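quick check, what structure comes out for this input:
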Amino acid sequence: MPSEIPSKHPLSRLFFSLTERNLFERVGLCDPEIASYLGGLLVRFTHVDNLYRVRDASGKRLEDVGEMLLESNPLISGTSFDREREIRRHIGDYTLFFTGLFPESLKRRSRSLRLDYFIDYIQAGKESYYIVSEFNYGEYEKTAPLFRKLSDLFDYCVIALNFVKTDLKRFQHPYYKRIARMLN
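Okay, here's the model as predicted:
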């Protein structure tokens, strides 16, 4: 498991600042909780191991959202409901990351960048965050409302991340260049 990037690290500060500014000022959604979540998502996915952390029973890394959806289903995979929540959260994060920052990389995944594929990614992300929000008891009770907002406001989050992408490109940030090369 990769080590976490500290919140005081310049990269963390950059991501949190960019997501907050773009979400608040350019998208018009003044929600500090969502801005913080998006910044944290970018920091977490700096490590490729976090981006591709879902694996099937044999240990194979899953990159396809359809495979992740199958793996999340406790009736098919035979795993727990906690595992379903964990994978569904990852699917929401994964689809948000790709549709917001790297929609062009979806072409490699679909063999042709059809609008339907992009819409399918967005729908899978919204649905996954909604399912995570339905885990609203016990240890998950406090975070359930955040995931409901992420589901309801998914499109706005995609737009905010697209603005972050524009800013990173303008800065010619090495992180963006490295990830873009890897994904395309």
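
ok, and for the one helix or strand residue 169 maps to, which residues are buried?
With elements taken from DSSP states H and E, the one containing residue 169 is helix 154-171. Neighbour counts over helix 154-171 (16 or more other C-beta atoms under 10 Å) mark 154, 156-165, 167-168 as buried. All C-beta atoms are positioned from the backbone trio N, CA, C, and that covers glycine.

tell me which of those residues has the lowest pLDDT.
Checking pLDDT across these, the minimum falls on residue 168 at 88.

mind listing the strands for this structure?
Assigned strands in the chain: none (criterion: DSSP state E).

so where's it shaky on pLDDT?
Scanning the chain for pLDDT under 70 picks out the ranges 1-3, 78, 107-116, 173, 175-176, 180, 182-184.

tell me the buried residues in the longest helix belonging to it?
Ranked by number of residues, the top helix in the chain under DSSP state H is helix 81-101. Residues of helix 81-101 classed as buried: 83-101 (neighbour count, 16+ other C-beta under 10 Å).

which strands or helices does that helix pack on?
Under the contact criterion of 3 or more C-beta pairs under 8 Å, 6 or more residues apart in numbering; DSSP states H and E, helix 81-101 touches helix 32-44, helix 65-72, helix 74-77, helix 115-133, helix 144-152, helix 154-171.

switch the cut-off to 7 Å
Helix 81-101 is packed against helix 32-44, helix 65-72, helix 74-77, helix 115-133, helix 154-171, with contacts defined by 3 or more C-beta pairs under 7 Å, 6 or more residues apart in numbering; DSSP states H and E.

CA atoms of the third one as PDB?
Taking only C-alpha atoms (Å, rounded to 0.1, in the frame of the first residue of the first chain), the coordinates of helix 74-77 have been written out as PDB:
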ATOM      1  CA  PRO A  74     -22.200  -9.800  -3.100                       C
ATOM      2  CA  LEU A  75     -24.700 -12.200  -4.700                       C
ATOM      3  CA  ILE A  76     -22.300 -12.800  -7.600                       C
ATOM      4  CA  SER A  77     -18.900 -12.500  -5.900                       C
END
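
who touches it?
Here helix 74-77 makes contact (C-beta atoms under 7 Å, 6 or more residues apart in numbering) with 70-71, 80-81, 83-84.

at 8 Å instead, please
Residues outside helix 74-77 that contact it (C-beta atoms under 8 Å, 6 or more residues apart in numbering) are 56-57, 70-71, 80-81, 83-84.

next: stretch 34-47.
2, 4-5, 11-12, 15-20, 23-24, 50-51, 93, 96-97, 101, 146, 149-150, 153, 157, 160-161, 164, 175.

in ChimeraX, select just the buried ones from those.
In ChimeraX, a selection of the buried entries from the contacts of stretch 34-47 looks like this (16+ other C-beta under 10 Å):
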select :5,12,15,16,18,19,20,23,24,50,51,93,96,97,101,146,149,150,153,157,160,161,164
